[in-house]
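Enquirer: the sequence and its predicted three-dimensional model are supplied below.
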Amino acid sequence: MNIALIAHDNKKKLMQNFCIAYRVLLSKHELYATGTTGRLIEEVTNLSIHKLLAGHLGGEQQICAQIEQNQIDLVIFLRDPLSPKSHEPNVDNTIRLCDMHNIPLATNLASAEIMIRAMDRGDLDWREAYR
């Protein structure tokens, strides 16, 4: 499966910890991330990540384009709903596209853990047929 990883600045450490905890599961899949998030994850996990541009430089748009082309199977976008900064990716576009193209989306740690465990059980295998 192709998994997109995005995190607002205040959630980047949380994303690193999430990826450390689920490194074995994530290593079985193709990972895509906005630039800074991808670099930070690679530093602590040694996972291979396709790093796109930084979110504010177009990385979020690149992931959205992959969603539109049905190239992403799961999006984990750890967002900061209380204090997003103006340079951070806008989650609204990602949510809209995931809804339009039937892509599972997790926007917080609880839903990310549910999704990653579901993926490991095979609950998201339908994405292979959908693609």
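Expert: The structure has been received and is ready for your questions.
Enquirer: for the longest helix along the chain, what is the average pLDDT?
Expert: Longest helix in the chain, counting residues (DSSP state H): helix 109-121. Regarding helix 109-121, the rounded mean pLDDT is 97.
Enquirer: which residues touch it?
Expert: By Cβ atoms under 8 Å, 6 or more residues apart in numbering, the surrounding residues in contact with helix 109-121 are 1, 14, 18, 22, 25-26, 29, 74, 76, 78, 104, 106, 124. C-beta coordinates here come from the backbone N, C-alpha and C atoms, glycine included.
Enquirer: and the helices in the chain?
Expert: Shown for the chain, the helices assigned by DSSP H span residues 12-21, 23-26, 35-45, 59-68, 91-101, 109-121, 126-130.
Enquirer: ok, which of the ones you listed comes nearest Leu82?
Expert: helix 91-101 (12.8 Å; Cβ to Cβ).
Enquirer: so which elements touch that closest one?
Expert: Contact here means 3 or more Cβ pairs under 8 Å, 6 or more residues apart in numbering; DSSP states H and E; on that basis helix 91-101 packs against helix 59-68, strand 74-78, strand 105-106.
Enquirer: could you find the closest non-adjacent residue to His8?
Expert: The spatial neighbour of His8 that comes closest, neighbours along the chain excluded (Cβ to Cβ, 6 or more residues apart in numbering), is Asp80 at 4.1 Å.
Enquirer: tell me who's in contact with the one you found.
Expert: So Asp80 contacts 8-11, 88 (Cβ under 8 Å, 6+ apart).
Enquirer: make JSON lines out of those and add distance to Gly58.
Expert: Formatted as JSON lines, the contacts of Asp80 follow (distance: Cβ to Cβ, whole Å):
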{"residue": "His8", "distance to Gly58": "16"}
{"residue": "Asp9", "distance to Gly58": "17"}
{"residue": "Asn10", "distance to Gly58": "21"}
{"residue": "Lys11", "distance to Gly58": "20"}
{"residue": "Glu88", "distance to Gly58": "13"}
